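Asker: generate coordinates for the sequence data below:
(one chain, ligands or ions: 1)
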Amino acid sequence: LRANFSVIQRDTGFVNGLIVVLHDVTEEEKIEAERREFVANVSHELRTPLTTMRSYLEALAEGAIQDKELAPRFLDVTQNETERMIRLVNDLLKLSKMDSKDYEINKTWVDFVTFFNDIIDRFEMIKESHIVFKRILPKEAIFIQIDEDKLTQVIDNIISNALKYSPEGGRVTFKVKVLDGQIEVSISDQGLGIPKENLERVFERFYRVDKARTRRLGGTGLGLAIAKEMIGAHGGDIWARSVEGKGTTILFTLPYDSEQEDDWS
Ligand code: ADP
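Answerer: A predicted model of the protein is given here:
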C-alpha cells in the first residue's frame with residue numbers, strides 16, 4: 001500500500017485537515033515482478049539450448065566434423081536443441097496470444113467421446129508398444145461446445161506428459177465422467193508422480209519438478225500453463241492428483257448441459 005498525504009492549512013497556520021490517498025500498489029508490484037520473472041525465465045530457457053549448440057558447433061568446427069562417429073551425434077544434438085527452441089517459441093507465442101485482449105476461442109458442437117477417442121487413437125499409433133492404453137468412456141455421445149484445436153492441444157500435451165513419464169509396461173488410463181452440469185476428463189499414468197507440494201505449481205509457466213530431467217525429455221515447461229489457460233477459457237478447471245512413485249492423474253472439467261442436448265434430439 002502506498003499513501004500520499006496532503007495537509008490542508010489555513011493562512012493563519014492552523015492545520016484543519018489532512019487528506020490521505022491510499023494506492024494499492026501490491027497488485028501492480030506483483031504483476032511487475034511476475035513480468036520480470038517471466039522475461040528472466042524466457043531468456044534463461046533460450047540461452048541454455050543456444051550455449052549447448054554453440055559448444056557442439058565449436059567442437060565440430062575444431063575437427064569433430066571429420067570424425068565419422070562424433071559428427072552425426074553432435075549434429076543430432078544441435079538439431080534437437082533447435083527443435084526444442086522452436087517449440088518453446090511457439091508455446092510463447094500461444095501464451096502471448098492468450099494474454100492479449102482479442103483472444104478468441106471458436107467453439108463448435110462436438111461429440112466429446114468421439115473427439116477424445118480420435119486423439120487417443122492417434123497416440124495409440126505412435127506410442128511404444130510396452131505402454132498399455134485403457135479407455136473408460138461413456139458408450140453414448142456427449143455433445144458439448146468446444147474449440148477443437150485448443151482442446152486438442154491441451155489433451156495432446158497431457159498425454160505426451162503421461163507417456164514421457166510412464167515406466168516400462170505402464171498403463172495410461174483415459175476416463176470421461178458425466179457430472180452435474182459438467183464432464184470430468186482424466187488421464188492417469190503409473191509414472192514417478194509429482195510431490196504433493198508441487199501439485200499446483202506444475203500449472204505455472206516454466207515450473208518443472210526436475211528441471212534438468214524434463215529439459216532432457218524435450219519439455220518447454222509451458223504445456224500445462226497453456227492447458228490451464230485454455231481450459232479456463234472454456235469455463236472449466238484443471239488440476240492434478242498424484243501419489244509419488246505410483247503415478248499422476250491430470251483432471252479437467254468442461255461445462256455440459258445435458259438438457260440442452262435433450263432439446264436437440
Ligand atoms: P514440460 O514441458 O516440462 O513437460 P509441462 O507444463 O507440461 O512442462 O509440465 C510441467 C511439469 O510438471 C513437468 O516438467 C513435470 O515436472 C511435471 N509433470 C507433468 N506431467 C507429469 C506426469 N504425468 N508425471 C510426472 N510429472 C509430470
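Asker: could you pull out the helices for the stretch 151-265 of the chain?
Answerer: 211-216, 223-233, 258-264 (DSSP state H, counting those that start in this stretch).
Asker: nearest to the ligand: which residue in the protein?
Answerer: Closest contact between the chain and the ligand, by CB to the nearest ligand atom, is at Gly219 (2.5 Å). C-beta here means a position set from N, CA and C on the backbone, and glycine is covered the same way.
Asker: my read: that residue touches Tyr207, true?
Answerer: No. In this structure, Gly219 is not within contact of Tyr207 by CB atoms under 8 Å, at 10.9 Å.
Asker: among these two, which residue is more densely surrounded?
Answerer: For Gly219 versus Tyr207, neighbours defined as other CB atoms under 10 Å are more numerous around Gly219 (21 against 16).
Asker: could you find the closest non-adjacent residue to the more buried one?
Answerer: Arg208 (6.8 Å; CB to CB, 6 or more residues apart in numbering).
Asker: can you give me phi and psi for the one you found?
Answerer: With angles defined as degrees, to the nearest 10, Arg208 sits at phi -140, psi 150.
Asker: report how many residues lie close to it.
Answerer: Using other CB under 10 Å: Arg208 sits among 18 other residues.
Asker: is it true that it touches Gly223?
Answerer: No. Taking contacts as CB under 8 Å, Arg208 lies outside contact range of Gly223: 10.2 Å.
Asker: enumerate the residues of the stretch 51-200 of the chain near the ligand.
Answerer: Within the stretch 51-200 of the chain, the residues that sit near the ligand (CB under 6 Å from any ligand atom) are Asn157, Asn161, Ala162, Tyr165, Asp189, Gly191, Leu192, Ile194.
Asker: might you report the residue contacts of the second one?
Answerer: Contact analysis of Asn161 by CB atoms under 8 Å, 6 or more residues apart in numbering lists Asp189, Gly219, Gly223, Leu224, Thr248, Ile250.
Asker: okay, it: pLDDT?
Answerer: On the pLDDT scale, Asn161 is placed at 94.
Asker: got it, and Asp210?
Answerer: Here, the pLDDT recorded for Asp210 equals 82.
Asker: contacts only, for the residue most central in space within the chain.
Answerer: By CA atoms, centre = their mean, the chain has its centre lying nearest to Leu224, at 1.8 Å. Listed by CB under 8 Å, 6+ apart, the contact set of Leu224 reads Asn157, Ile158, Asn161, Val202, Phe203, Ile238, Ile250.
Asker: out of the residues you listed, who's nearest Lys68?
Answerer: Ranked by distance to Lys68 (CB to CB), the contacts of Leu224 are led by Asn161 at 36.7 Å.
Asker: how much space separates the closest one from Val172?
Answerer: For Asn161, the distance to Val172 (CB to CB, to the nearest Å) stands at 10 Å.
Asker: my guess is Thr152 contacts Asp118, does it?
Answerer: No. The pair Thr152 / Asp118 is not scored as a contact, 9.0 Å apart, by CB under 8 Å.
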